[in-house]
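> here's a sequence, model it:
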Amino acid sequence: MNRIGYFLLRGKKVEDAIEVFKQNVADHPESWNVHDSLGEAYAADGKTDLAIQSYETSLKLNPDNTGGAEALKKLRGAAGRD
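Got it, this is the predicted structure:
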C-alpha cells in the first residue's frame with residue numbers, strides 16, 4: 001500500500017495518496033512507517049496540524065525515526081510550535 005501511496009504522491013495526486021495512506025494506517029495502526037508516510041503526504045498537502053499528529057504517532061512507535069523527527073521539527077517551526 002505504501003508503494004501505491006508514494007506513486008500517487010510523486011504523481012502529484014496528493015489527496016489520493018492521503019486516502020491510501022489513511023487506509024494503510026487503519027490496517028496497520030502499530031506501524032511507525034505508515035504514520036510517517038501519512039505525515040509526509042499531509043505535509044505535501046499543506047495540512048501541517050495533521051502532519052504533526054502523524055509524525056508524533058510515528059515517533060511514539062519508533063523513537064529512532066530520525067527522518068520523522070527532523071520533519072516534525074521543521075513542521076513545528078513552520079507552525080510556530082518550536
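
> how about residues contacting the lowest-mean-pLDDT helix or strand in the chain?
Counting by mean pLDDT, DSSP states H and E, the chain has its least confident helix or strand at helix 66-78, which shows a mean of 93. Contacts of helix 66-78 from elsewhere in the structure, counted by CB atoms under 8 Å, 6 or more residues apart in numbering, are 32, 36, 39-40, 43, 48, 51-52, 55-56, 58-59, 62, 82. Every C-beta, even on glycine, is put in place using the N, C-alpha and C of the backbone.

> ditto for stretch 8-17
Contacts for stretch 8-17 (CB under 8 Å, 6+ apart): Gly5, Tyr6, Val20, Glu40, Ala41, Ala44, Asp45.

> can you give me the first-to-last residue distance of it?
The straight-line separation of the ends of stretch 8-17 (CA to CA, to the nearest Å) is 5 Å.

> ok, which stretches of the protein are helices?
Per DSSP state H, the chain carries helices over the ranges 2-10, 14-27, 32-44, 48-61, 66-78.

> turn the contacts of stretch 8-17 into a markdown table, including neighbour count, distance to Leu72 and pLDDT.
Putting the contacts of stretch 8-17 into a markdown table (neighbours: other CB atoms under 10 Å; distance: CB to CB, whole Å; pLDDT from 0 to 100) gives the following:
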| residue | neighbour count | distance to Leu72 | pLDDT |
| --- | --- | --- | --- |
| Gly5 | 24 | 19 | 97 |
| Tyr6 | 16 | 19 | 97 |
| Val20 | 22 | 22 | 98 |
| Glu40 | 23 | 11 | 97 |
| Ala41 | 25 | 15 | 98 |
| Ala44 | 14 | 15 | 96 |
| Asp45 | 15 | 16 | 97 |
